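**Q** sharing a model that was predicted from the sequence below.
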Protein chains: 2
Amino acid sequence: MSDPSGLHPADWAVWRAFSTTGRSIDRALEQRLQHDAGISTADFDVLRSLAEADGHRLRAGALAESIDWEKSRISHQVRRMAERGLVERADCPTDARGTWVVLAERGADAFAAASCGYVEVLQRAFFDRLDADQKQALASMADRVADALDRVAVAPR
Amino acid sequence: MSDPSGLHPADWAVWRAFSTTGRSIDRALEQRLQHDAGISTADFDVLRSLAEADGHRLRAGALAESIDWEKSRISHQVRRMAERGLVERADCPTDARGTWVVLAERGADAFAAASCGYVEVLQRAFFDRLDADQKQALASMADRVADALDRVAVAPR
DNA sequence: ACCTCTTGGGTGACAGGTCAACTACTCGGA
DNA sequence: TCCGAGTAGTTGACCTGTCACCCAAGAGGT
């Protein structure tokens, strides 16, 4: 609830606010997607990436990279989505190790049913509440944090 | 990757930045906790809450409320932590339905080993990178979003 | 041709989380 | 006293994500 040690209490409150806000929006998106199209945010991320891709298809690795997932996560997720008919797998003719993941018709339908509500939640819960300065502050914060994390990660102690 | 539909591209980038930043920090904290004390962030949240409580103990429900978890999540988590000796359960004398969750010695040790690194990651990755204006922007954003989410939640369509 | 290194991807075991029951107890009447 | 409603917590089924490991196939040197 409060300061665990040696941290400015006001800073601590900022961190709490930041992290709970993210989770709250995620929950709202999750519920809306489930309600509108019966899919999860994980499903949605995959469908969006495929829908935007050339020919509605991506190699498994490219898909993983585009949404910053581990390859095994992609593999499990694609299997489950294929079982539900949202995507299809296809062998890659030029590299026998590779797999194409292809948007299936049901997947395209689900994406179409989902994206409007997704954007609406984001718009109403997030963007409508931010003025230009705040958006700017968020963007520059993200840059600086990403930058700092690189260093924290390589210097763990 | 890019705009899914009808959203200002710049806004979309802000959302991406916001949500990936949160996840990146979470990952960094998770790794650091694992490295320093062999615990997860879920473990840490529970330990912190207990460490701050009177007598290093809380009723399961109060614990759940203090970290905004569902009661079943608490129950599972406490069982696993008890198996590892981080916490102990105790019957409640005044209400036979209740359970006290008590910080065990190993849990206190793990918390002590973990909290310094936790704060350090947060400090270096997050607070050091924000100036006062940005912190202010984050805090007010969180307020407004929380406010908006209440309305989005009750008006799903 | 052969051998090794790397790469693309899949798998199984496991930890974590949610949901929906279910148990056991408390409390406030009639 | 008894009964119904609400409360505290647990449990089991199920889904998601991670980790470690595996395998098959390309790439490049000899």
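**A** Received the coordinates, thanks.
**Q** tell me the helix or strand right after the host helix or strand of residue A:20.
**A** Following DSSP states H and E, one finds residue A:20 within helix A:9-37. Going down the chain from helix A:9-37, the next helix or strand is helix A:41-52, by DSSP H and E.
**Q** the helix or strand following that following helix vs DNA strand D: in contact?
**A** The first helix or strand that comes after helix A:41-52 along the chain, using DSSP H and E, is strand A:57-59. No. Figure legend: strand A:57-59 not in contact with DNA strand D (C-beta under 7 Å from any atom of the strand); closest approach 13.2 Å. C-beta: built from backbone N, CA, C; applies to glycine.
**Q** avg pLDDT for strand A:57-59?
**A** Strand A:57-59 carries an average pLDDT of 96.
**Q** the helix or strand hosting residue A:65 near DNA strand D anywhere?
**A** In this structure, residue A:65 sits in helix A:60-67 according to DSSP H and E. No. Using C-beta under 7 Å from any atom of the strand, helix A:60-67 stays clear of DNA strand D, coming no nearer than 9.9 Å.
**Q** so what does that helix touch, helix or strand wise?
**A** Applying 3 or more C-beta pairs under 8 Å, 6 or more residues apart in numbering or on different chains; DSSP states H and E, we find helix A:60-67 packed against helix A:41-52, helix A:71-83, strand A:99-103.
**Q** reformat the ones you listed as JSON lines; add distance to DNA strand D.
**A** Converted to JSON lines, the helices and strands packed on helix A:60-67 look like this (distance: least, C-beta to the nearest atom of the strand, whole Å):
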{"stretch": "helix A:41-52", "distance to DNA strand D": "4"}
{"stretch": "helix A:71-83", "distance to DNA strand D": "3"}
{"stretch": "strand A:99-103", "distance to DNA strand D": "11"}
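**Q** as CSV, these with mean neighbour count, mean pLDDT and distance to residue B:36 would be great.
**A** CSV is the format used below for these (neighbours: other C-beta atoms under 10 Å in any protein chain shown; pLDDT from 0 to 100; distance: least, C-beta to C-beta, whole Å):
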stretch, mean neighbour count, mean pLDDT, distance to residue B:36
helix A:41-52, 21, 96, 30
helix A:71-83, 15, 96, 26
strand A:99-103, 21, 97, 38
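**Q** those: which one's closest to DNA strand C?
**A** helix A:71-83 (3.1 Å; C-beta to the nearest atom of the strand).
**Q** following element in sequence after that closest one, please.
**A** strand A:87-91.
**Q** partner strands of that following strand and their direction?
**A** Sheet pairing for strand A:87-91, assigned by DSSP bridges, gives strand A:99-103 (antiparallel).
**Q** how about the residues of chain A by DNA strand D?
**A** A:40, A:42, A:69, A:70, A:72, A:73, A:76, A:77, A:80, A:95, A:96, A:97.
**Q** of the residues you listed, closest to residue B:58?
**A** residue A:40 (32.3 Å; C-beta to C-beta).
**Q** not counting stretch A:87-98 itself, show me its contacts.
**A** Residues external to stretch A:87-98 that are found in contact with it (C-beta atoms under 8 Å, 6 or more residues apart in numbering or on different chains): A:46-47, A:50, A:57, A:59-61, A:78, A:81-82, A:99-104, A:107.
**Q** end to end on that stretch, go ahead and measure it.
**A** Terminal residues of stretch A:87-98 are spaced 16 Å apart (C-alpha to C-alpha, to the nearest Å).
**Q** mind listing what's buried in that stretch?
**A** Residues of stretch A:87-98 classed as buried: A:87, A:88 (neighbour count, 16 or more other C-beta atoms under 10 Å in any protein chain shown).
**Q** touching DNA strand C at all, that stretch?
**A** Yes. Using C-beta under 7 Å from any atom of the strand, we find that stretch A:87-98 touches DNA strand C at A:89, A:92, A:95, A:97, A:98.
**Q** no more questions from me, cheers.
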